[in-house]
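> Provided below for reference: sequence and predicted model.
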Amino acid sequence: PFFTKKRTASPAKGTPPQKIAKKISADTERVFSSHRDNSFREFRRVCAEIAEASAYTEKTAIVRRMLQKGSDG
């Protein structure tokens, strides 16, 4: 009802998208896995800091700071 025209597959040109996506994800994974923000230890540190905060506004500020600045903030 909403679509009157059928979609057709476009012809493949050059490198298949699956190979490109795998290469990009492997490169990205290698970079992100070694970053300090992606460590379990950093996650536990943030959890402990949130647990020590008493007010929900403090807890929100901790999470906001971590999301905006990472472990450097």
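Received the coordinates, thanks.

> Residue 36 contacts residue 43, correct?
No. Between residue 36 and residue 43 there is no contact under C-beta atoms under 8 Å: 10.8 Å. For the C-beta atoms, the positions are set from N, CA and C on the backbone; glycine is no exception.

> shared neighbours, the two?
Common neighbours of residue 36 and residue 43, using C-beta atoms under 8 Å, 6 or more residues apart in numbering, do not exist here.

> got the residue ranges for the helices in this protein?
17-33, 40-52, 56-69 (DSSP state H).

> Give the rounded mean pLDDT of the longest one.
Translated: helix 17-33. The average pLDDT for helix 17-33 rounds to 63.

> show me the contacts for the nearest residue to residue 63 once chain neighbours are set aside.
Among residues not flanking residue 63 along the chain, residue 50 sits closest, at 7.1 Å (C-beta to C-beta, 6 or more residues apart in numbering). By C-beta under 8 Å, 6+ apart, the contact list for residue 50 reads 59, 62-63.

> and what of residue 36?
So residue 36 contacts 42, 70-71 (C-beta under 8 Å, 6+ apart).
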